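Asks: Predicted model and sequence follow; I will ask about them next.
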Amino acid sequence: MSIAFNGFYAVKNVDFTLHEGALHAVIGPNGAGKTTLFNLLTKFLQPTEGQIFHRGVEVTALKPAAIARQGVVRSFQISAVFQALTIRENIELALLRRSGLQWRLLGNARRDKALVERTEQVLEQFGFTREADIAAAELSYGRKRVLELATTVATDPSVLLLDEPMAGLGREDIDRVAELIQTTAKGRTILLVEHNMQVVSRLAERITVMARGQILAEGPYSEVSSRPDVIAAYTGGTH
Amino acid sequence: MTTIFGIPMALLYAQLLLGIINGAFYATLSLGLAVIFGMMGIANFAHGALYMMGAVGAWFMLNTLGIGYWPALILCPLVVGAFGMLLERFVLRRVSHIDHLYGMLLTFGIAFIVQGIFRFWFGSAGLPYAIPSLLTGGVNLGFMFLPYYRAWVIVASLGVCFLTWFAIEKTRLGAYLRAATENSKLVQAFGINVPVMIMLVYGGGAALAAFAGVLAAPILQVNPTMGAEVLIVIFAVVVIGGLGSIKGAIIAGFLAGIAEGLTKAFYPEASTTVVFLLMAFVLVVMPTGLFGTKTQAAATSVSLPALAHESAFMRWALFGAMAIGLAIAPLFIYPAFLMKAMTYALFACAFNLMAGYGKLVSFGHAMFLGTAGYVTAYAAKTWGLSPELAILAGTASAAVLGLVAGWLCTRSSGVYFAMISLALAQMIYFLALQLPQTGGEDGIQSVPRGALFGFIDLSNPTTLYLFVLAVFLGGFLFLSCLIRSPFGQILKAIREHEPRAQSLGYSTDRYKLATFVISAALSGLAGSTKVIVTQIASLTDVHWSMSGEVILMTFLGGVGTLYGPVLGSFVVVAMQNYLSALGAWVTVIQGAVFVICILTFRRGIVGELITFVSARQREKDRRGIAMPAGSKVVTGT
Amino acid sequence: MTSHKKHRGIRFMLAALAAGAAMLATPALADGVSDDVVKIGVLTDMSGVFSDMNGNGSVVAAQLAIEDFGSIVLDKPIQLISADHQHKADVGTSIAHRWIDNEQVDVLADLTNSAIALAVQDIARDANRIALFTSPGTTDLTGAKCSETGFHWVYDNYSNGIGPIKAQIDQGMKKWYFLVSDFAFGHSLEAIGKKTVEENGAELVGTVRFPLNAPDMSAFLLPAQASGAEAILLTATGRDLTTAIKQANEFGLIAGGQSIVAPVMFLSDIHAMGLEQAKGISFIDGFYWDRNDETRAFSTRFGERHNGAMPTSLQAGVYSAVTHYLKAVQAAGTDEAKAVAAKMRELPVDDFFARGGKVREDGRMVHDMYLVKVKSPEESNGPWDYEEIIATIPGDDIFLPLAESTCPLVKK
């Protein structure tokens, strides 16, 4: 598929397949069109040409919320947590739909025992139990990214699309988040956009390299990283 | 004599020509507005007042200083432009770093003040200003007599439009201006004085408005309210053209003039409404207008004021205090005032649901208040329904209207949302004016209060008061429970980060629509109850100034808080009733209060209170929390 | 927890009930003067489009009336309060209610804006107070919605509708075009006008209805111009009127020989337009400040308190109505509304405003009115010298005959 903005092709003739259960990374220099690809896949953008299929069914015309309901959940390049809500509330929010409460106009979400239990589970899994009731705005940037991952995972998605999850994180946080991603990856499909090559080499089974809106190369890390055109794309262009 | 639909061809040509002339005039007026919005992101509600200043200024110059039309054409814009620059420098700049909504509201308040002061100085009937002697008389074109002055209007307008467009698109200064407003920090780094540029932009827009005012003075009636009436039409024009597009404003201006001209030929009663119909149509087909380029950037959101610690006890105590307070208040305060304030409070709370929690500020909310009021009045008076059924009918009609309006409006956000809601409200106003059932200017009077459920006599003042109290408390309770419900949580999330909410599987459009309908229905409930109390349904309740009032009430009290709108509406209704002896000064005072509110306590009275208390709570927390050993909390950025 | 609060709430409410009921009970009106004061309330438009023809001037006129009466009636003081209803029906009605409930107001005056006037008629009727309508035009006030305690003083849509049209037809204008302001007031004038034209052997060649507050009337004037009508009836008031006339001049309608007939026009409108624009227009007015020595004397005193502006017929009417009311209170020995109203109908109205005027059963004050023409700037000798009185029309000829009245109070 392709997407053009006023004649400029941000993504051109990209033929991309994500296999179920894989941990797949997309890398490339800035401006390669990685986030645009993400936006297309999660339906935040509509392609000007081409189609998208999820599990054999065409989903090109869907709205973002619809594809998310099919279990395709993304995170954002700039940390997206609900700052005014507490950590607990952030996770509860992600879980509301699963508990069928999303159209409840009266009453409190906490009356639902299953919801409360699952919230506790997620809080513990990601280490937020003690600070559960402070506002998300108070967290450090690293912890916010972890929270975002937590809310993404809480929805029990079948496909996770993580947009530069390591961006802006310090050493310790990177290790933590990488570990969490590995644990979460079991039984799910993960698509990752990342600049941090160490993380990519550690996590990803398959890699797609993009440059200037097109796919340059695809394959396992060892194979792809040694290709001269891939190296050229990184060093020769803007980085 | 050939006719089209009964109108002779000659007359049709004449109306078209007049339409083009009016269009030229609209284009000049909208130009200033488009420049200001395109460059500053502010919807300048003071534009009408600036235009009026130009016209009145011309009259003043002629009558007091002996300065004629031609010098006034240059001097007035200069003077008003200077005033505009001062306004930007000392008032608007204070809110330029936060959500553009506040800039818009500030100009709204300033318009009130300027108009009120001018009304006080110059009266309301009108000031005579003659056509300059050079341009008196006209030429007979065969199908009509064209006054020379009108021809001059086209020439002058086209000239000014072209000059402005040229200056902005083709000159260096214009390039600096455009760059400065797109990325001010970057441009400042290049050594260009951005604040001065912004000041020039606003001053320029003001000068353009004043120029249009001087142009209008000889042919339209010069009076202090001339700005208010033309303002909403101009907004419609700018929206049609696409906010931020100068070319669009000019073309849309002419389009509007021609559309009006044609309407005047065939169905003149609708001529003041056709622009809004056009706007709604354009927005449905092209949500950003004809040439709109600026997609509403997600502005820095002002967070909802919230207490750091809140307990159920505290919430119920507060509610109880309000309920008890209102129950015993009639002992000390005139009950009719209290009942009126309560119905407005419910209206404001309903508005707040959209504006505060939904972050969608509607400029047409009066349409729900008024429509429900008319339906209830008609149901009670003509169909003889008992009050609870009449109110139910009114509320239901508002909900249905909310569904239709919501579907049209929620596809946009920000200023577009405001404008399209205004357009719809104007059309409802037109219907209220024209339909025989609504009584036009007289409204529906002597609405019977009847007997609630058939046996509770509402003409008894005490039962009436208790009924209104019950409705208000019920509505308030519903809203406060709604905020805390799962639906409310999702709404808060959408408000903060809509794409994230979508990525979690929530169809945000549906939530916005649902909120809109609930807000509309409760506004309708308020309107219906108000009609039963005052026993009159009038055009005031569907007029756009009523929409403005509810914005004032909500923001004054504290948008996004539960009790803010309640407090705000009590304050505003009190001001109106107890200061009514001051006449024209009431609008000035209201405007001044609003401006002061936006400048110094923009979270509103309740909002600031909550923030203050919350900060104290957080201080206490910070001192109380001990850092546990071996903590996993990472000290990051 | 909710029910707990509800129970507590109910107990408080019951307490409030008792106290509230006591407070809301209206004080019984005894013989003599209620509350030991005769209070007059002037409810008008002080800031809107009609503020120049009424507004503060009405308050000044009422003040003069009170002072001339001696500021005391039946040994009790006379007080005056005023308020601006901003042309809003709900503000007007709530002020009226508050005045009656809380401020011991005995009589309401001015009441510009027909919608508010009709509402106040009902309020005053129910609360047994007097209402002096000097400003609104709707004939319903003395028609279907007439009241024992409501009085229509200066003009109404009938007097101003028929008179000028008939006069112009008599002058030879046979072809008419109507420019109608699109609301109840305009429609009612249109209906009256149409009937008059047809009954008097003239022809209505076309009608156009324009929306209120249209800033540019040129598009509506064009068809009038093209129709070739000799006279154009312009049923507009205030600002719409001045805009229409200004533009009629601009497009050469008047220069082209067509006459503009404006049924409802006042001195303040001429002042707003300027003589250059308004010259030659004829209309019916109930009062002109320069008519004789008496009117001049009053007007000078009025002008001293009102920035030198001369009174319109509406403002002078307030003086006349308030004076007559006070006389009636004096004669009745009480300020109880029905007794006073009976005296108001009994006593003749004889002041500078209306010589030989009388109040009919339907509440209509019948007095002579004048067909006036606006002077040209050359004919005018000084400031406010605007009108030339062409003819005096006796009251009985210009107001709706009692026999045709739809007022239930009129015995047929």
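Replies: Done, it's in.

Asks: what separates the closest residue to chain C within chain A from chain B, distance-wise?
Replies: With CB to the nearest CB, the shortest gap between chain A and chain C falls at A:Leu106, namely 12.0 Å. (C-beta placed from N, C-alpha, C; glycine too.) Using CB to the nearest CB, to the nearest Å, A:Leu106 is found at 5 Å from chain B.

Asks: Equivalent analysis for C:Thr139, please.
Replies: Distance, C:Thr139 to chain B, by CB to the nearest CB: 13 Å.

Asks: just to revisit the earlier point, I figured the residue of chain A closest to chain C hits B:Ser480, correct?
Replies: No. The criterion here is CB atoms under 8 Å, and A:Leu106 misses it with B:Ser480 at 10.4 Å.

Asks: In terms of neighbours, single out the busier of the two.
Replies: Higher neighbour count among A:Leu106 and B:Ser480: B:Ser480, with 17 against 13, using other CB atoms under 10 Å in any protein chain shown.

Asks: So the more buried one, which state does it fall into?
Replies: helix (DSSP: H, G, I helix; E, B strand; the rest coil).

Asks: What are the phi and psi values at the spatially closest residue to it that is not a sequence neighbour?
Replies: Distances taken as CB to CB, 6 or more residues apart in numbering or on different chains place B:Leu562 nearest to B:Ser480, at 5.4 Å, with adjacent residues excluded. Main-chain dihedrals, B:Leu562, degrees, to the nearest 10: phi -80, psi -50.

Asks: And for B:Ala537?
Replies: Torsion angles, degrees, to the nearest 10, at B:Ala537: phi -110, psi 120.

Asks: Could you double-check that it sits in contact with B:Ile444?
Replies: Yes. Between B:Ala537 and B:Ile444 a contact is recorded at 4.4 Å, counting by CB under 8 Å.

Asks: Common neighbours of the two, please.
Replies: When contacts are counted by CB atoms under 8 Å, 6 or more residues apart in numbering or on different chains, B:Ala537 and B:Ile444 have B:374, B:377-378, B:438 as shared neighbours.

Asks: Among those residues, which one sits closest to B:Leu215?
Replies: Nearest to B:Leu215 among the shared contacts of B:Ala537 and B:Ile444: B:Thr438, at 36.6 Å, using CB to CB.

Asks: give the contact list for that closest one.
Replies: By CB under 8 Å, 6+ apart, the residues touching B:Thr438 are B:374, B:378, B:431-432, B:444, B:537.

Asks: repeat for C:Leu402
Replies: By CB under 8 Å, 6+ apart, C:Leu402 lies in contact with C:360-362, C:410.

Asks: So what's the residue count around residue 56?
Replies: In the absence of a named chain, this looks at chain A. That count, for A:Gly56 with other CB under 10 Å as the rule, works out to 5.

Asks: I was thinking of chain C, sorry if that wasn't clear
Replies: By the criterion of other CB under 10 Å, C:Asn56 has 22 neighbours.

Asks: That one reaches C:Met46, doesn't it?
Replies: Yes. In this structure, C:Asn56 is within contact of C:Met46 by CB under 8 Å, at 6.1 Å.

Asks: Any figure for the gap between B:Ile20 and A:Phe38?
Replies: B:Ile20 is 50 Å from A:Phe38, where distance means CB to CB, to the nearest Å.

Asks: between these two, who's got more neighbours?
Replies: Neighbour count, other CB under 10 Å: between B:Ile20 and A:Phe38, A:Phe38 has more, with 22 against 17.

Asks: List the contacts of that one.
Replies: A:Phe38 touches A:44, A:74, A:161, A:163, A:191, A:193, counting by CB under 8 Å, 6+ apart.

Asks: Show the contacting residues for C:Ala244.
Replies: Counting by CB under 8 Å, 6+ apart, C:Ala244 has contacts C:179, C:217, C:220-221, C:234, C:236, C:260.

Asks: Now, the shared contacts of B:Ala537 and B:Ile444 that are in helices?
Replies: The helices, defined by DSSP state H, take in B:374, B:377-378 from those.

Asks: so the residue most central in space within chain A, which of the three states?
Replies: Nearest to the mean C-alpha position of chain A, counting by CA atoms, centre = their mean, stands A:Leu162 at 1.9 Å. Using three-state DSSP, the structure places A:Leu162 in strand.

Asks: same question, A:Val14
Replies: A:Val14 - assigned by three-state DSSP - is coil.

Asks: Who's the closest spatial neighbour of it, skipping the chain neighbours?
Replies: For A:Val14, ignoring the flanking residues on the chain, the nearest one in space by CB to CB, 6+ apart is A:Ile215 at 5.7 Å.

Asks: cool, C:Ala341 as well?
Replies: With sequence-adjacent residues excluded and distances taken as CB to CB, 6+ apart, C:Ala341 is closest to C:Thr149, at 4.8 Å.

Asks: Count the neighbours of A:Glu117 for me.
Replies: If we define neighbours as other CB under 10 Å, then A:Glu117 has 10 of them.

Asks: the helices in chain C, which residues?
Replies: If DSSP H is used as the criterion, the helices of chain C fall at C:2-24, C:55-69, C:89-102, C:114-127, C:157-170, C:184-199, C:218-227, C:238-250, C:267-273, C:275-278, C:293-305, C:313-332, C:337-346, C:395-398.

Asks: Throw those helices into a markdown table and include mean pLDDT, thanks.
Replies: Below are those laid out as a markdown table (pLDDT from 0 to 100):
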| stretch | mean pLDDT |
| --- | --- |
| helix C:2-24 | 46 |
| helix C:55-69 | 92 |
| helix C:89-102 | 85 |
| helix C:114-127 | 88 |
| helix C:157-170 | 82 |
| helix C:184-199 | 83 |
| helix C:218-227 | 87 |
| helix C:238-250 | 84 |
| helix C:267-273 | 85 |
| helix C:275-278 | 84 |
| helix C:293-305 | 92 |
| helix C:313-332 | 93 |
| helix C:337-346 | 92 |
| helix C:395-398 | 86 |
